[in-house]
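Asks: Okay, sequence plus prediction incoming.
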Amino acid sequence: MNYLSGLEILLQPTLWIFILVVVFLLRSVKFVPHNRTFLVERFGKFRGVQEAGLNFIIPFIERVAADRSLKEQAVDVPSQSAITRDNISLSVDGVLYFRVLDPYKATYGVDDYVFAVTQLAQTTMRSELGKMELDKTFEERDLLNTNIVAAINQAATAWGVQVLRYEIKDIVPPQSVMQAMEAQMKAERVKRAQILESEGDRQAAINRAEGQKASVVLSAEADKDEQVLKAEGEAKALVAVANAQAKALVMIGEAADTKAGQKAVQLELATKAIHAKEMIAKESSLVILPDGATDAGTMVSQAMAIIQKITNSTSAEISSKPETTRDTAGPWDTAE
């Protein structure tokens, strides 16, 4: 009985209708992810593009023919051989970055757009390298990448693909060229080292010359300052001596106005005369003196005679001069 009841349930048309509805709904509902598109065909003919979100198709009549990603994609470009303008063979590889702009053209315009873009990148690379010399391929890599991108985009427009950038990974020249480049770089480094060394020597010589010049200038300025200070000191000393002599003369003049002062002056003069004779005797190898000139008593009497003579002559001069005021009298004048 249970078996018959289960069979009766399976034969119910309502159940089959429910199953068909569920299958129909499952096959008709499509959820398109973000940055992706579905291309729908009806009976093998393109019907439209379904964007991200909830979409519906007619089961058994329509189908999703292609699922295209709109994200940026990176593809390795295999290593290939290329010849430069100066006939140097290079091995070059790179990375290609692109994205799909038109899913319809990327699906129906080319069979495999990734393979097509990769092959186009290789052929364009060979073409661009053939326009450049070996040295330029290393120096102008950015320009080379820009030219390759422009050439690929011009040809890939019909495929609905946009190449964003192309980056060269490695440029490998032959071993013989590598050795020649290394020798050239070594020679350049030696040359630069010699130039830097000569520049350093030249700068050092300039610095030494400037130091010597500054030393000479400072020495000259120091000598100048020393001479100026010495001259100023000597001038001050002369002024001080002159002032002292002037004061001494004033004091002598004032003392000469008295009799005791006159005698002191006369005694000083006599002493200087005797000292002068002694200096003459010391400097000359032969001195002729009168008899008794070397006797001490004789020398004293001569000195006294000289003093008496000077005193008499001075008294006579003082008595013969007219009386004058103290303001106009000399240091040796005396009043009656």
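Replies: Happy to help now that I have it.

Asks: make it CA atoms for all contacts and neighbour counts henceforth
Replies: Will do.

Asks: by contact count, what packs against the longest helix along the chain?
Replies: Of all the segments of type helix in the chain, defined by DSSP state H, the longest one is helix 175-256. The elements that helix 175-256 packs onto, with contact taken as 3 or more C-alpha pairs under 8 Å, 6 or more residues apart in numbering; DSSP states H and E, are helix 259-283.

Asks: What average pLDDT does the helix it packs on get?
Replies: When pLDDT is averaged over helix 259-283, the result is 68.

Asks: pLDDT (mean, whole number) over the helix or strand harbouring Leu20?
Replies: Per DSSP states H and E: Leu20 is located in helix 13-28. Rounded to a whole number, the mean pLDDT of helix 13-28 is 78.

Asks: Pull that helix out as CSV, backbone CA atoms only.
Replies: As requested, the backbone C-alpha atoms of helix 13-28 are provided in CSV (Å, rounded to 0.1, in the frame of the first residue of the first chain):
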residue,chain,number,x,y,z
PRO,A,13,0.7,16.3,-12.5
THR,A,14,0.9,19.0,-9.9
LEU,A,15,4.2,17.7,-8.7
TRP,A,16,5.7,17.7,-12.1
ILE,A,17,4.5,21.2,-12.8
PHE,A,18,6.1,22.3,-9.6
ILE,A,19,9.4,20.7,-10.5
LEU,A,20,9.3,22.3,-14.0
VAL,A,21,8.7,25.7,-12.4
VAL,A,22,11.6,25.3,-10.1
VAL,A,23,14.0,24.2,-12.9
PHE,A,24,12.8,27.0,-15.1
LEU,A,25,13.4,29.6,-12.4
LEU,A,26,16.9,28.2,-11.6
ARG,A,27,17.9,28.3,-15.2
SER,A,28,16.4,31.6,-16.0
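
Asks: What strands flank the following helix or strand past it, and is each parallel or antiparallel?
Replies: Next along the chain after helix 13-28, taking DSSP H and E as the criterion, comes strand 29-32. Under the criterion DSSP bridges, strand 29-32 sits next to strand 53-56 (antiparallel) in its sheet.

Asks: List the buried residues for whichever helix or strand comes after the partner strand?
Replies: Using DSSP H and E, the helix or strand that directly follows strand 53-56 along the chain is strand 62-69. Of the residues in strand 62-69, those buried by neighbour count under the rule 16 or more other C-alpha atoms under 10 Å are 62-64, 66-69.

Asks: give me the number of residues near Phe38?
Replies: Applying other C-alpha atoms under 10 Å, we find 24 residues neighbouring Phe38.

Asks: Okay, it and Val64: tell me how far apart.
Replies: If you measure Phe38 against Val64 using C-alpha to C-alpha, to the nearest Å, the figure is 6 Å.

Asks: likewise Met125?
Replies: For Met125 relative to Val64 (C-alpha to C-alpha), the value is 36 Å.

Asks: same question, Ala180
Replies: From Ala180 over to Val64 the distance is 59 Å, taken as C-alpha to C-alpha.

Asks: same check, this time on Glu221
Replies: Counting by C-alpha to C-alpha, the gap between Glu221 and Val64 amounts to 100 Å.

Asks: In the helix holding Leu20, which residues are buried?
Replies: Using 16+ other C-alpha under 10 Å as the test for burial, helix 13-28 gives 27-28.

Asks: Quick one: distance of that helix to the chain centre.
Replies: Here helix 13-28 is found 81 Å from its chain centre; the criterion is C-alpha atoms, centre = their mean, to the nearest Å.

Asks: picking up where we left off before, show the average pLDDT along the longest helix of the chain.
Replies: Confidence for helix 175-256, expressed as mean pLDDT, is 84.

Asks: Likewise for stretch 33-45?
Replies: In this model, stretch 33-45 carries a mean pLDDT of 88.

Asks: Ok, stretch 140-156 next?
Replies: Confidence over stretch 140-156 (mean pLDDT, whole number) is 87.

Asks: Only C-alpha atoms, please: export that stretch in PDB.
Replies: Taking only C-alpha atoms (Å, rounded to 0.1, in the frame of the first residue of the first chain), the coordinates of stretch 140-156 have been written out as PDB:
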ATOM      1  CA  GLU A 140      65.100  55.200 -23.400                       C
ATOM      2  CA  ARG A 141      63.100  52.300 -22.000                       C
ATOM      3  CA  ASP A 142      60.200  54.500 -21.000                       C
ATOM      4  CA  LEU A 143      59.900  55.800 -24.600                       C
ATOM      5  CA  LEU A 144      60.100  52.300 -25.900                       C
ATOM      6  CA  ASN A 145      57.200  51.200 -23.700                       C
ATOM      7  CA  THR A 146      55.100  54.200 -24.700                       C
ATOM      8  CA  ASN A 147      55.600  53.500 -28.400                       C
ATOM      9  CA  ILE A 148      54.700  49.900 -28.000                       C
ATOM     10  CA  VAL A 149      51.500  50.800 -26.200                       C
ATOM     11  CA  ALA A 150      50.500  53.300 -28.800                       C
ATOM     12  CA  ALA A 151      51.100  50.800 -31.600                       C
ATOM     13  CA  ILE A 152      49.100  48.000 -29.900                       C
ATOM     14  CA  ASN A 153      46.100  50.200 -29.200                       C
ATOM     15  CA  GLN A 154      46.000  51.300 -32.800                       C
ATOM     16  CA  ALA A 155      45.700  47.700 -33.900                       C
ATOM     17  CA  ALA A 156      43.600  46.300 -31.000                       C
END
